[in-house]
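Participant: Make a model of this:
(chains A and B)
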Number of protein chains: 2
Amino acid sequence: MAMRLSQESALLTDLYQFTMLQAYFSRGMNDTAVFELFVRALPDDRNFLMAAGLEQVVDFLENLGFDEEALSWLRSSGMFNELFLESLKDFRFTGDVDAMPEGTVFFGDEPILRITAPLREAQFIESRVINLMHFQTVVASKAVRSVIAASGKQLIDFGLRRAHGAEAAILSARASYIAGFDGTATTIAAPLFGIPVFGTMAHSFIQAHDNEMDAFTDFARDFPESTTLLIDTYDTEAAAEQVVHLAHWLKKNESIRINAVRIDSGDLGEVARRVRRIFDAGGCEDIRIFASGNLDEYELHRILQGGAPIDGFGIGTRMNTSSDAPYLDCAYKLQEYAGEPRRKRSLGKQTWPGRKQVFRSFGKGGTMCGDILALEGDDVQGKPLLQPVMRGGKRAGRLPSLPAIREYASYQVETLPAVLTALGKTPAYIVRVSDSLRHLAQQADERQRDRKQVRARCFDVGKSG
Amino acid sequence: MAMRLSQESALLTDLYQFTMLQAYFSRGMNDTAVFELFVRALPDDRNFLMAAGLEQVVDFLENLGFDEEALSWLRSSGMFNELFLESLKDFRFTGDVDAMPEGTVFFGDEPILRITAPLREAQFIESRVINLMHFQTVVASKAVRSVIAASGKQLIDFGLRRAHGAEAAILSARASYIAGFDGTATTIAAPLFGIPVFGTMAHSFIQAHDNEMDAFTDFARDFPESTTLLIDTYDTEAAAEQVVHLAHWLKKNESIRINAVRIDSGDLGEVARRVRRIFDAGGCEDIRIFASGNLDEYELHRILQGGAPIDGFGIGTRMNTSSDAPYLDCAYKLQEYAGEPRRKRSLGKQTWPGRKQVFRSFGKGGTMCGDILALEGDDVQGKPLLQPVMRGGKRAGRLPSLPAIREYASYQVETLPAVLTALGKTPAYIVRVSDSLRHLAQQADERQRDRKQVRARCFDVGKSG
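Facilitator: Presented below is the predicted three-dimensional model:
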């Protein structure tokens, strides 16, 4: 169709948000609702998760509204009545947001975001809020594992091409940077977020030249300060030998310094060892070795356990798609409406009702030593993790800068119990549910049971009508 | 940062595209290059793949260019010289595109897209072209498996919330529709692509009401023609019993018809059987049952094998993220430059050089019975799958409409050998490499070996300088 709607359109949502909204509108239902976003259970091989995406959620909430294009499509769909459509013209987010700061480590059933707003607003934002928080949390939680496995080696996000679309590429650059990556190859992440960008050449660059050395020389002359040469297009060791000659020649004759080489195929650890030997024997001790190609935290661990002389890694697809756990079992659920706790009891999907808070305790050396999932006002030991982010639809304060988030995330990892930093599954971190919360859940169940005794309105209407 | 770059910016690419481009520009290298996009090997549990995403690639190529924002960031980065940056002002895609039509079934090593263009253009577009083609192909190839498993039952894409960002949500609605889904819950897919949209209510809608029956009644009154009630919030069978009474009451008193119910938890097949019995016993044979919740083709197969009375399914996360194979091992490689075949020989990543074509043969009943990977001009039996899409930067003709693509895809699945439609791994479909192609690969290797004997330019310069 000719229409070119932007992704910022309010139509980027599930259709049921509109049908529910109209039903609420017809009934005049718009009391204060409290929704919370949480992950039910951690995937295998995730001992903790890292919250990310809040800044994009706040942007979304601040700019939420219906433009003429969106309204005109809704009208043309024939599904909605005019009075309801009129009401959407002034639709804004006017509620409160409380959330764990980006970079916070969290666990199953812990709310990472709480929305307190008139029912229609709190309901409507569901789809996109999950979409934004879920993905960056998936990526940060995956990327931080590589950061742990790399123990200080340079990590660059290489994943644009196989990320799931443009936004996935852009936001995974951000989420992996938060988790501790040093930068990305995705150019647009620099002007958008101020993330350092890296990149040199593809195999096609080598192939397009008649001679591999010519390709290296051309590139070095154009980028004399940041020359990284890709040496595995034909014969890696032969190329490394040549690079030794080239490096000396360029240094002597043109004052150009070859900074690093990149290896993108084969047994990276073994190839790197051979290349390192060639460089060291040739007096090129200062040329760094960078590796890429189907890497993830498991490969990184294997390679570095073997003591491979690799100085940095490009990590793409498996990180950006979180290939071993491409989604989290997250949900955004109504916990309170019109002052009363609400609880879903669907089999296997029960929720904890009420406005909750997560209280975290720390042991000696500042190590995390247990969380308590409790009600907001509860008098519980520990640091409350959910903090005010928006009040009445406006920012409650400045959100932290990306470097500050990254530093906070790094600090979070430092305070993790050592056992949780293992790549495989370990015994779960302790999250205790407070007695007050258990009590409230019981109350909510009882109240719901009582209500079932009450005849539904329609039948009453039927009797009187 | 304050800058709000759109995803359509030319900066949505890997930084190395710019560094290579400048190096090519400095040398005046811009002869005709041929790149091909292909998948190296199929993931486990994929017996065929389905091409998708071409329309978005053509949109991207038609609109490619550098706006002031992009140029000003490139300038401010300090990485590039002014002459090169000036050249980007007129940068457009002026090349040719040949591709398999969207919906085409394909296999490992078969090019699905070929770009023939001046080197700089053909190189620059790499990252975003892969990003667009890869994702929709991943999703179409996953979704078609559910279509096969559902054998005619209604399938709706429910995956916006856990798709990897906005574009993933939007494009997976499109890709799954191509593969044979009946529609999506993602509203914006209707105005963008004309895809049918579906949606009714969330659990929160039930929870916000004091009484489940009130929620159902409110909704039915607002949407008397398309009422689907979510019945698993508290006690599914009790809700089904109530729905029987409500359906009769609403029909009699308000001429409202309950169309369907949705079940979103528990053992869907078993719950559906119980609900069906309740409906049938209560004279509600016409109420359909719709199921959702962590579904994929494996679950669908299991449920339908058991003969569950389910009429339609909402399939989300596992389809949109292609959770069992969230990426394909795809590549976009230089196969020819300046009239000479080129070949990458990195270990495990060797490519077939030259401009290729895929010729497909069909047996009795029109069933596919083997492909030949050959050179473009080869005189080979079979239907050539790559077709002209763009010439000189302009569309070579109208692209097919989405319904036409969907029909073509459905026809493709019909012509698959039955064995390939199994969900598990089966013996591979036969793709033969032509002798002409093997010969060209050998030639390319020999030529490259010869070139290694030639002293590289820089050393020559060194001797003369």
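Participant: What are the buried residues along the host helix or strand of A:V34?
Facilitator: A:V34 belongs to strand A:32-39 when elements are defined using DSSP states H and E. Neighbour-count burial for strand A:32-39, counted by 16 or more other Cβ atoms under 10 Å in any protein chain shown, picks out A:A33, A:V34, A:F35, A:E36, A:L37, A:F38, A:V39. Glycine gets a C-beta too; all of them are placed from N, C-alpha and C.
Participant: In its sheet, which strands sit next to that strand, and in what direction?
Facilitator: Under the criterion DSSP bridges, strand A:32-39 sits next to strand A:113-118 (antiparallel), strand A:330-337 (antiparallel) in its sheet.
Participant: If I average pLDDT within each of these, which one is lowest?
Facilitator: Lowest mean pLDDT within these: strand A:330-337, at a mean of 95.
Participant: So what touches it?
Facilitator: A:31-40, A:119, A:122-123, A:126, A:129-130, A:133-134, A:137, A:341-344, A:349, A:351-356, B:161-162, B:203-204, B:207-208 (Cβ atoms under 8 Å, 6 or more residues apart in numbering or on different chains).
Participant: Centre of the chain to it, how far?
Facilitator: The chain centre lies 20 Å from the centre of strand A:330-337; the measure is Cα atoms, centre = their mean, to the nearest Å.
Participant: Stretch A:249-261 too?
Facilitator: How far stretch A:249-261 lies from its chain's middle: 40 Å, per Cα atoms, centre = their mean.
Participant: That one near chain B anywhere?
Facilitator: Yes - Stretch A:249-261 lies within reach of chain B by Cβ under 8 Å from any Cβ of the partner chain, at A:W249, A:L250, A:N253.
Participant: Quick check: of the residues you listed, which has the highest neighbour count?
Facilitator: Neighbour tally across the residues of stretch A:249-261 next to chain B (other Cβ atoms under 10 Å in any protein chain shown): the maximum, 22 neighbours, falls on A:L250.
Participant: Sticking with that one, tell me its helix or strand.
Facilitator: Per DSSP H and E: helix A:236-254 holds A:L250.
Participant: Which neighbouring elements make contact with that helix?
Facilitator: helix A:212-222, strand A:258-263, helix A:268-281, helix B:457-464 (3 or more Cβ pairs under 8 Å, 6 or more residues apart in numbering or on different chains; DSSP states H and E).
Participant: Using PDB, list the CA coordinates for it.
Facilitator: Extracted C-alpha coordinates of helix A:236-254, given in PDB (Å, rounded to 0.1, in the frame of the first residue of the first chain):
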ATOM      1  CA  THR A 236      46.100 -17.200   6.500                       C
ATOM      2  CA  GLU A 237      49.700 -18.100   7.400                       C
ATOM      3  CA  ALA A 238      51.000 -17.100   4.000                       C
ATOM      4  CA  ALA A 239      49.200 -13.800   4.500                       C
ATOM      5  CA  ALA A 240      50.700 -13.400   8.000                       C
ATOM      6  CA  GLU A 241      54.200 -13.900   6.600                       C
ATOM      7  CA  GLN A 242      53.600 -11.200   4.000                       C
ATOM      8  CA  VAL A 243      52.100  -8.900   6.600                       C
ATOM      9  CA  VAL A 244      55.400  -9.000   8.400                       C
ATOM     10  CA  HIS A 245      57.300  -7.800   5.400                       C
ATOM     11  CA  LEU A 246      54.600  -5.200   4.600                       C
ATOM     12  CA  ALA A 247      54.500  -3.900   8.100                       C
ATOM     13  CA  HIS A 248      58.300  -3.300   8.200                       C
ATOM     14  CA  TRP A 249      58.200  -1.800   4.700                       C
ATOM     15  CA  LEU A 250      55.300   0.600   5.400                       C
ATOM     16  CA  LYS A 251      56.800   1.700   8.700                       C
ATOM     17  CA  LYS A 252      60.100   2.500   7.200                       C
ATOM     18  CA  ASN A 253      59.000   4.000   3.900                       C
ATOM     19  CA  GLU A 254      55.700   5.600   4.800                       C
END
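Participant: What residues of that helix count as buried?
Facilitator: For helix A:236-254, by 16+ other Cβ under 10 Å, it's A:236, A:239-247, A:249-250, A:254.
Participant: now, which of these sits nearest A:E299?
Facilitator: Using Cβ to Cβ, A:T236 comes nearest to A:E299 of the buried residues of helix A:236-254, at 17.9 Å.
Participant: pLDDT at that closest one, what is it?
Facilitator: pLDDT at A:T236 comes out at 96.
Participant: Which residues lie in contact with it in this structure?
Facilitator: Contacts of A:T236 (Cβ under 8 Å, 6+ apart): A:I263, A:S265, A:G266, A:V271, A:R274, A:V275.
Participant: List only those of those residues flagged as buried.
Facilitator: Using 16+ other Cβ under 10 Å, the buried ones in those are A:I263, A:S265, A:G266, A:V271, A:R274, A:V275.
Participant: Now the two most distant members of those residues.
Facilitator: A:S265 and A:R274 (13.4 Å).
Participant: Report how many residues lie close to A:G365.
Facilitator: Other residues close to A:G365 by other Cβ under 10 Å number 7.
Participant: now swap in A:R342 and tell me
Facilitator: Count around A:R342 with other Cβ under 10 Å applied: 26.
Participant: so A:L373 makes contact with A:P353?
Facilitator: No - contact criterion Cβ atoms under 8 Å: A:L373 and A:P353 do not qualify, at 11.9 Å.
Participant: what about these two, which has more around it?
Facilitator: For A:L373 versus A:P353, the count of surrounding residues by other Cβ under 10 Å is larger for A:P353: 28 against 22.
Participant: Same list (the helices and strands packed on helix A:236-254) but as JSON lines, adding mean pLDDT and distance to A:Q442.
Facilitator: Converted to JSON lines, the helices and strands packed on helix A:236-254 look like this (pLDDT from 0 to 100; distance: least, Cβ to Cβ, whole Å):
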{"stretch": "helix A:212-222", "mean pLDDT": "94", "distance to A:Q442": "69"}
{"stretch": "strand A:258-263", "mean pLDDT": "96", "distance to A:Q442": "60"}
{"stretch": "helix A:268-281", "mean pLDDT": "98", "distance to A:Q442": "56"}
{"stretch": "helix B:457-464", "mean pLDDT": "48", "distance to A:Q442": "79"}
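Participant: how about TSV for those, with distance to A:I178 added?
Facilitator: Listed next are these as TSV, based on distance: least, Cβ to Cβ, whole Å:
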stretch	distance to A:I178
helix A:212-222	32
strand A:258-263	25
helix A:268-281	26
helix B:457-464	42
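Participant: Indicate which one of the ones you listed is closest to B:T415.
Facilitator: Here helix A:268-281 is closest among the helices and strands packed on helix A:236-254 (Cβ to Cβ), at 41.7 Å.
Participant: buried sites along the closest one?
Facilitator: A:L268, A:G269, A:V271, A:A272, A:R273, A:R274, A:V275, A:R276, A:I278, A:F279.
Participant: What about A:P384, how many residues nearby?
Facilitator: 15.
Participant: name the element the residue lying closest to A:E82 once chain neighbours are set aside belongs to?
Facilitator: The shortest distance from A:E82 to any non-neighbouring residue, by Cβ to Cβ, 6 or more residues apart in numbering or on different chains, is to A:R75 (7.8 Å). A:R75 is part of helix A:68-77, with elements assigned from DSSP H and E.
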